[in-house]
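Student: next input, structure requested:
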Amino acid sequence: MHIKNYFYKKNIAVGNKKVKVGTVQMACTKDMESNINKAIQGIRDAAARGANILCLQELFSTLYFCDVESYDNFKHAEPVPGPTTLRLQELAAELNIVIVAPLFEKRANGLYHNSAVVIDADGKLLGLYRKNHIPDDPGFYEKFYFTPGDTGYGIYKTHFATIAILICWDQWYPEAARITSLMGAEILFYPTAIGWALSQPENVNAEQHNAWQTIQCAHAIANGVFVVTVNRTGTEGNMRFWGGSFISNPFGSILYKASHDAEEVAVRELNLSWINFYRTHWPFLRDRRTDTYAPILNRYIDEKK
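Tutor: Predicted structure coming up:
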């Protein structure tokens, strides 16, 4: 396979299906209205720079309250559709932009999800994804708040591209990326809230961040899709969120990466025609042996007795 010959030639004829993707990396405060207004301004900034699709970070309207278990934090939840959703629908229609907005969803009394809505460029509420993988670790007590998602994995055929939404802890699971890619997603969006404990040494911090970026780039490579990850920044309690929002091409090359400690709005143009190019020359999907994969449905493959 002479793939390198293709990589280093200029003006490769791969097609011209282009979309501009925007990210808003923010630091949040206790004031929900302030956070929402900051996000709206970020969306407006990205739209002014030509963004067609914009993704916000996980739980963008609040602090990352899951660092503690407190019943008071349930007051931050809202229904979908609800007040924030409706505001963003009006904004999407005004700006002709697709918005991916993660929310703390109150589905019913006593039933809550970590969710994200997809709002199409005409303002229509196109879909809702509920986070499937729910962590429970020091500083990330999400099982106290969130019921595991029951929407399954899905794709959303927006005005500009076919996308999938997977939220934070979902990003560590290749199965989720594979399923949505096989369904036809061209871009995987990962709204995220992840950071370092203030007590950790720098070598541990670096190792954790590198693993986080590496596994998501691996999803891009294995599936031949673009990956867009939007993280928060700033210090909240004992956690320093590491920012580092990034966009990867379908072979794991970083097209954009935000700093660790600054709020940033970014817009990058993606040529979706490159998906076919990479998948053709690195035919991982062609060579899958689906007839051999049944064991993966087991929780653990115990030694045969």
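
Student: quick check: pLDDT value at residue 240.
Tutor: In this prediction, residue 240 carries a pLDDT score of 97.

Student: dump the residue contacts of it.
Tutor: 195-198, 234 (Cβ atoms under 8 Å, 6 or more residues apart in numbering). All C-beta spots, glycine's among them, are computed from the backbone N, C-alpha and C.

Student: residue 140 against residue 66, yeah?
Tutor: Yes. At 5.7 Å, residue 140 counts as touching residue 66 under the criterion of Cβ atoms under 8 Å.

Student: more neighbours: which of the two?
Tutor: For residue 140 versus residue 66, neighbours defined as other Cβ atoms under 10 Å are more numerous around residue 66 (27 against 18).

Student: helices of this protein, start to end?
Tutor: Defined through DSSP state H, the helices belonging to the chain, from first to last, are 3-7, 32-48, 83-95, 174-182, 202-223, 274-281.

Student: picking that back up, residue 119: which of the contacts of residue 240 is nearest?
Tutor: Distance from residue 119 was checked for each of these by Cβ to Cβ. The minimum falls on residue 234, at 25.4 Å.

Student: residue nearest the centroid of the protein?
Tutor: Compute the mean C-alpha point of the chain, and by Cα atoms, centre = their mean the closest residue is residue 190, 1.0 Å away.

Student: enumerate the beta-bridge partners assigned to that residue.
Tutor: According to DSSP bridges, the residues that bridge with residue 190 are residue 229.

Student: and it, what does it touch?
Tutor: Counting by Cβ under 8 Å, 6+ apart, residue 190 touches 166-168, 170-171, 216, 227-230.

Student: any idea how far it is from residue 211?
Tutor: Using Cβ to Cβ, to the nearest Å, residue 190 is found at 14 Å from residue 211.

Student: surely residue 90 touches residue 123?
Tutor: Yes. Residue 90 lies in contact with residue 123 (Cβ under 8 Å); the separation is 6.4 Å.

Student: of these two, which one has the most company?
Tutor: Neighbours per residue (other Cβ under 10 Å) separate residue 90 from residue 123, with residue 123 holding more: 19 against 12.

Student: for the nearest residue to that one once chain neighbours are set aside, grab the count of nearby residues.
Tutor: Using Cβ to Cβ, 6 or more residues apart in numbering and skipping the chain neighbours, the partner closest in space to residue 123 is residue 93 (3.1 Å). When neighbours are counted by other Cβ under 10 Å, residue 93 registers 15.

Student: so who does residue 93 touch?
Tutor: Residues touching residue 93, when contacts are defined by Cβ under 8 Å, 6+ apart, comprise 121-123.

Student: strands of the stretch 151-300 of the chain, start to end?
Tutor: Here the stretch 151-300 of the chain has its strands, by DSSP state E, counting those that start in this stretch, at 156-157, 162-165, 187-191, 195-197, 226-230, 233-236, 239-242, 246-248, 254-257, 264-271.

Student: redo those as TSV? Include distance to residue 50.
Tutor: Converted to TSV, the strands of the stretch 151-300 of the chain look like this (distance: least, Cβ to Cβ, whole Å):
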stretch	distance to residue 50
strand 156-157	21
strand 162-165	18
strand 187-191	16
strand 195-197	30
strand 226-230	16
strand 233-236	24
strand 239-242	28
strand 246-248	15
strand 254-257	14
strand 264-271	6
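
Student: what bridges to the residue nearest to residue 146 when sequence neighbours are not counted?
Tutor: Beyond its immediate neighbours in the sequence, the residue positioned closest to residue 146 (Cβ to Cβ, 6+ apart) is residue 114, lying 4.4 Å away. Taking DSSP bridges as the rule, residue 114 bridges to residue 104.

Student: from residue 181, how far out is residue 114?
Tutor: Remark: distance between residue 114 and residue 181 (Cβ to Cβ) = 22 Å.
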